[in-house]
Every structure is written in structure tokens, then in C-alpha cells.
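Q: How does the following fold in three dimensions:
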Amino acid sequence: MIRVLIVEDEPIAADAHAVYVDRVDGFTVVGKAGTAAEALQLLARGGIDLVLLDMVLPDQHGLQVVRAMRAAGHTADVIAVTSARDLAVVRAAVSQGIVQYLIKPFVFASLRDKLDSYRDYRRLLTRDEPVAAQHQVDHLLATLRGQDRQVLPKGLSRETFDAVAEALRGGEGKSASEVADLLRTSRITARRYLEHLADTGLASRHPRYRGSGRPEIEYRWRGED
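A: Predicted coordinates for the structure are as follows:
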């Protein structure tokens, strides 16, 4: 079991992250901290494998927490969970060994994918055998990166994908026909994008019953679900 410390100064967000982590097989939350000082105190007790670390804390920046962790000899891995989009912060995070970077707000499926990749990475690391060739190292690092959920299947454009996703956000569920009417595209095209959103966990499918005929499929944005 991979033991996780959540470092997040907003209690509601911390609770949500804890619920998400506990839903992923092989992970358990062993502590929550709202400040850098609390996080370092919990780390000092030991028994933590992974830290989900907010970069903006009331007493210190997340990067300072990582430096303090390493200076104190804490070897827990770190996934940055933050709304910070500054590329300089991303660069600094990579240089300090932060294994993954997750931008807020995110859906459960996004965190699940990161954790699944991290779990597979740890399993490979614990094998009691030497690395025999370059491709094994490449495979190890590729496992940590995991599959990029933002890479679209062939034939789907980023512009249309963003438009379809925006059509679902902040409103009631919509059918492929309704999205097609909003975006002035064909129903088949709208359905392809909606199905991709549903397949990747960003939207959910629900039957919509109208009369006695076959139900229509309605798609709903999952948000923070």
C-alpha cells in the first residue's frame, strides 16, 4: 500500500483530494497538512511514500517544502497539485525531482491516471534485478509519465474538443444533437467528441427517456467528480 500525505491549505480541497486518493487501488491517505510546517512535522514521523503537495501554502512555497524535505533526508516522492501555471515553477519542480505535476482544477480521472502511473513506476523500481539495457530505463520513465489524456485520437481537433467540452461545462446534460446545434456541426462529429470525453472520464453518459421510443444518450460534464 502506498501511503500518501496531502498538503493543501484549503480544507474542502484537502478532503476532496483524500476522497479521490482513497478511491484508487493501492493508495491510502495517512495524513493531511495545511501548512509547510505541519507537512514537515508529519514527514519527520516517517511512514510516508508520496506527497500530494500544493505549491502555494500560507507559510512557504511548495518548492521550499521540497528543499526542506530533501535536506532533512526525507525520500518520499512528490506530486505537485496546484493552480500555478508559471513555466518557471514547472521547471523548478522538475529540477527538484517532483515526479508529476497536476493542474487544478482537475477531475478524479486525471488524478487517478497520475496515481496509476506512479504505482506502476514503483512496482518496476522494486524489482530485485539490475537494469540490463537502455530500453529498460526508457520504459521505467515512460511508465511514470503514463498515457497523456490530452492527446486526442486521430481525426479530432483540439479546437473542436475544447468547444465541445465548454458546451458541457456549467450546465445541464446535453445530447449529441444539442451540442451539434450549439456548435453548428454535424451530430456525428459532436458524438465523436462527446464519446471521447466520456471514455476519458471527463463526461458521463445517461439515458434520456422521451416517450416510448429508444432513449437518447445525454452527456454530462463530470467536473470534480
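Q: Following element in sequence after the lowest-mean-pLDDT helix or strand in the chain, please.
A: None of the helices or strands of the chain scores lower by mean pLDDT, DSSP states H and E than helix 134-145, at a mean of 61. Toward the C-terminus, helix 134-145 is succeeded by helix 158-168 as the next helix or strand (DSSP states H and E).
Q: Put the alpha carbons of that following helix into PDB.
A: Output of helix 158-168 as PDB, limited to C-alpha atoms (Å, rounded to 0.1, in the frame of the first residue of the first chain):
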ATOM      1  CA  ARG A 158      -8.100  20.500 -30.200                       C
ATOM      2  CA  GLU A 159     -10.200  23.500 -31.100                       C
ATOM      3  CA  THR A 160     -13.400  21.400 -31.500                       C
ATOM      4  CA  PHE A 161     -12.600  19.300 -28.500                       C
ATOM      5  CA  ASP A 162     -12.300  22.500 -26.300                       C
ATOM      6  CA  ALA A 163     -15.600  23.800 -27.800                       C
ATOM      7  CA  VAL A 164     -17.500  20.600 -27.000                       C
ATOM      8  CA  ALA A 165     -16.000  20.400 -23.500                       C
ATOM      9  CA  GLU A 166     -17.000  24.000 -22.900                       C
ATOM     10  CA  ALA A 167     -20.600  23.300 -24.100                       C
ATOM     11  CA  LEU A 168     -21.000  20.700 -21.400                       C
END
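Q: Residue 215 is in contact with residue 209, correct?
A: Yes. Contact criterion Cβ atoms under 8 Å: residue 209 and residue 215 qualify, at 4.8 Å. For glycine as for every other residue, the C-beta is placed from the backbone atoms N, C-alpha and C.
Q: which stretches of the chain form strands?
A: Applying DSSP state E to the chain gives strands spanning 2-7, 27-33, 50-53, 77-82, 100-103, 174-175, 203-208, 216-221.
Q: Tabulate these (a markdown table), appending mean pLDDT, distance to residue 184 and mean neighbour count.
A: Formatted as a markdown table, the strands of the chain follow (pLDDT from 0 to 100; distance: least, Cβ to Cβ, whole Å; neighbours: other Cβ atoms under 10 Å):
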| stretch | mean pLDDT | distance to residue 184 | mean neighbour count |
| --- | --- | --- | --- |
| strand 2-7 | 97 | 44 | 22 |
| strand 27-33 | 97 | 44 | 18 |
| strand 50-53 | 96 | 41 | 25 |
| strand 77-82 | 89 | 37 | 22 |
| strand 100-103 | 86 | 30 | 17 |
| strand 174-175 | 94 | 14 | 20 |
| strand 203-208 | 88 | 20 | 15 |
| strand 216-221 | 92 | 18 | 19 |
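Q: Distance to residue 70 for the ones you listed - can I get that in a markdown table?
A: Formatted as a markdown table, those follow (distance: least, Cβ to Cβ, whole Å):
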| stretch | distance to residue 70 |
| --- | --- |
| strand 2-7 | 15 |
| strand 27-33 | 17 |
| strand 50-53 | 12 |
| strand 77-82 | 10 |
| strand 100-103 | 17 |
| strand 174-175 | 48 |
| strand 203-208 | 40 |
| strand 216-221 | 39 |
